[in-house]
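Chemist: got a predicted structure plus its sequence, pasted below:
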Amino acid sequence: MNLVCYDTETTGLDLWGKDRMFSFSACDLEGKAEVYRLGRDEGAEEALRSLFNGDRSLICHNVKFDLKASLKHLQDWDLLDRISFHDTSLQSKILMNNHPNHKLKNLCFELAGFPKDDEEAIWKVMKGRNTMEDFSRVPEDLMDEYQKRDVQRCALLHRFFYPKIERDARLRDIYRSELDLIPTTIRMERRGSMIDFGKAAELIFDLETWTEQARAAIIFEAGKDINPASQDHIRELLFNKLGLPVLKRTAKEGKESTSKDVLLELRDKHRVIDEILKFRSFSRGITTIRSYMDFADEEGAIHPDINTCGAITGRESCSKPNLQNVSKEGVLLNPFPIPARRIFRPRPGMVNFHIDYSGIEMRLLVHYAREPELIEVLNRDGDVHLPGTLAFYGDEYRGADKERKKVLRGAAKNMNFAVCYGAGPKKVAEGLGMGVNKGLKRYSQYKERFPKLVELNGTISSRVRKEGQIKTTFGRPIKLPRNMGYMGVNYLIQGTAAEILKRSQPRIDRYLRKATGDEAGILLPIHDELVIEYPIKMLRDAPEILGNVRDLMIDFSIFSVPLEVDIEISLNSWAEKKPYKLRLAS
DNA sequence: AAACACGGCGCG
DNA sequence: AAAGCGCGCCGTGTTT
């Protein structure tokens, strides 16, 4: 296939809104480049069309962006199914996950000494202008030269990276799955998640009232007009004026920390603490909800930017706005939550399904530890935290009432994780809440029963020291500093879970489009969860269709433990999710 | 005015 | 000697 490096220039980054492409450049792998400016160059439109309709494979750095810009201009989103492409940014992320930014210019400079000063002239020109992101105002000859350099950089990277991926079957598979996720993600962004402007405005109104009340209370306690948003002012109030104890210091500057966990400890020492917590939560809530409203289009839909490989572990990330951290109610240790999920709702005529992998973290820990008893428990769909609970608490658990059982199981569950992430006997004994001697004894009993689980951290840690990386079951390498072995287990679990969710999405996308004629579709991935929109008129078929989605999500034969999902449905808002049963219990 | 570092905090 | 980590985004305060 004919390989062509391709790069677009746009008036800005808001491609789902006001911005558009105004130019593009292309070159072959030898670096022979051409630049076209739409509306200036004869034949630009035709050249663009031939790039997308011909028998070509486009190579881009951040291909999602160039595809969005191009298909928006061509007004032909069906091309997503047909176009073949490469992405040098993804190649870099797979081969060197720990690179700090994967920027085109930096990579070419670092890998090949390709000078990166060619943009300076452009910035000089932009300096006097107030529309910073609008490159279409840069003099055309300068711009042409700059664009040529960029596609040539892309060619350089492809020639450097791609052979390394191509010659390793596992890397090839990972790369293929990453590329497969791109069109699926563009379709999600295009749909967008809906907010209710009225509800948002109401919420902001309430939050403003509560913020001002908290501000007034704090100023009253301070006895002077301070800014509650200023950490310096709060520090002065808490630790000088009121003389409260310093429980923690900040990492870089060693100042008295005023973080939430500190404030929660000091909560019963003075009534101003709660007012500070309220002020922080409510004022943050206002700016967050405002930003949601600002990002929404006329319909009320927010089209975020989903980065399919945004984290060093391979996780996805989300920005402008980040819809992966919409705050929710009912969180332990958050006394004044913002009910932001109430303003997110299904499109008219739709419901949302929220499908999350149940207990995927513990399942993968058991898989990687190869702990036989727990593998067996998972295979018969048992409670994976119960054996640990019994090992830690024994008869104390058996003889407890229902409420007490819940508490003990919760503590044991915590310690199951803690042990895997490297907690020592002392920490575990402490976490069990039973006195050190007894706790230490129970820890050693636990260790005898689940030796593999207890050894996991050490095993991975020494692998990190030796190899400077870990590999997920799929074969994705995740590099980390050799002296940071304690992070290995976390990277392994996070990276594997990410890959599972990422591989399930294109399958689901293809299936839903076929089964519902493009009516149902994914809206958002949230690390171990997918939000899906689904037409109300097809709800009768939902048990079957969601059942098939479930099957696609858990179909991974390479693990020694089974996967499972929980499904919830929301009709009115993301704050009102109800369990959804695939079929009536028989 | 813009860019940066920092602490802080929401989610997973 | 050690329960861990990943993001994006905000306001303050400082530097350029």
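Modeler: That came through fine.

Chemist: for A:Ala33, which residues count as its bridge partners?
Modeler: Per DSSP bridges, the residues bridged to A:Ala33 are A:Cys27.

Chemist: and the residue nearest the centre of chain A?
Modeler: The residue lying closest to the centre of chain A (CA atoms, centre = their mean) is A:Ser317, at 3.3 Å.

Chemist: please name the nearest non-neighbouring residue to that residue.
Modeler: Of all residues not flanking A:Ser317 in the chain, A:Gly310 sits nearest, at 2.8 Å (CB to CB, 6 or more residues apart in numbering). Glycine gets a C-beta too; all of them are placed from N, C-alpha and C.

Chemist: then A:Glu455?
Modeler: A:Ala369 (7.5 Å).

Chemist: assess the claim that that neighbour and A:Gly458 are in contact.
Modeler: No: with contacts counted by CB atoms under 8 Å, A:Ala369 stays clear of A:Gly458, the gap being 11.1 Å.

Chemist: name the residue in these two with the higher neighbour count.
Modeler: A:Ala369 (23 against 14; other CB atoms under 10 Å).

Chemist: what sits against the more buried one?
Modeler: A:Cys420, A:Phe450, A:Lys452, A:Leu453, A:Glu455, A:Leu456 (CB atoms under 8 Å, 6 or more residues apart in numbering).

Chemist: and if we set it to 10 Å?
Modeler: By CB atoms under 10 Å, 6 or more residues apart in numbering, A:Ala369 lies in contact with A:375, A:419-420, A:450-457, A:459-460, A:489.

Chemist: what does A:Pro245 give?
Modeler: A:Leu238, A:Phe239, A:Glu256, A:Val262, A:Glu265, A:Leu266, A:Lys269 are the contacts of A:Pro245 under CB under 10 Å, 6+ apart.

Chemist: which two from those end up farthest apart in space?
Modeler: Spatial extent of these (CB to CB) is set by the pair A:Glu256 and A:Lys269 at 14.3 Å.

Chemist: the more surrounded of these two?
Modeler: Under the neighbour definition other CB under 10 Å, A:Glu256 and A:Lys269 were set side by side, and A:Glu256 has more, 19 against 14.

Chemist: I'd guessed the more buried one sits against A:Leu237; true?
Modeler: No: the pair A:Glu256 and A:Leu237 fails to qualify as a contact (CB atoms under 10 Å) at a distance of 11.1 Å.

Chemist: ok, back up a step: mind listing the shared neighbours of A:Ala369 and A:Gly458?
Modeler: A:Val489.

Chemist: got the domain ranges for chain A?
Modeler: For chain A, the structural domains run A:2-167, A:197-299, A:344-358+A:496-579, A:361-493, going by automatic domain parsing.

Chemist: tabulate those domains in a markdown table, adding columns for mean pLDDT.
Modeler: Converted to a markdown table, these look like this (pLDDT from 0 to 100):
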| stretch | mean pLDDT |
| --- | --- |
| domain A:2-167 | 90 |
| domain A:197-299 | 96 |
| domain A:344-358+A:496-579 | 98 |
| domain A:361-493 | 95 |
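
Chemist: any chance of these in JSON lines, with distance to A:Lys328 too?
Modeler: Below are the domains of chain A laid out as JSON lines (distance: least, CB to CB, whole Å):
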{"stretch": "domain A:2-167", "distance to A:Lys328": "25"}
{"stretch": "domain A:197-299", "distance to A:Lys328": "12"}
{"stretch": "domain A:344-358+A:496-579", "distance to A:Lys328": "7"}
{"stretch": "domain A:361-493", "distance to A:Lys328": "19"}
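
Chemist: what's A:Gly192 in contact with, if anything?
Modeler: A:16, A:295-297, A:299-304, A:323, A:347, A:523-524, A:533.

Chemist: from those, which two are the most distant?
Modeler: A:Phe295 and A:Glu533 (18.0 Å).
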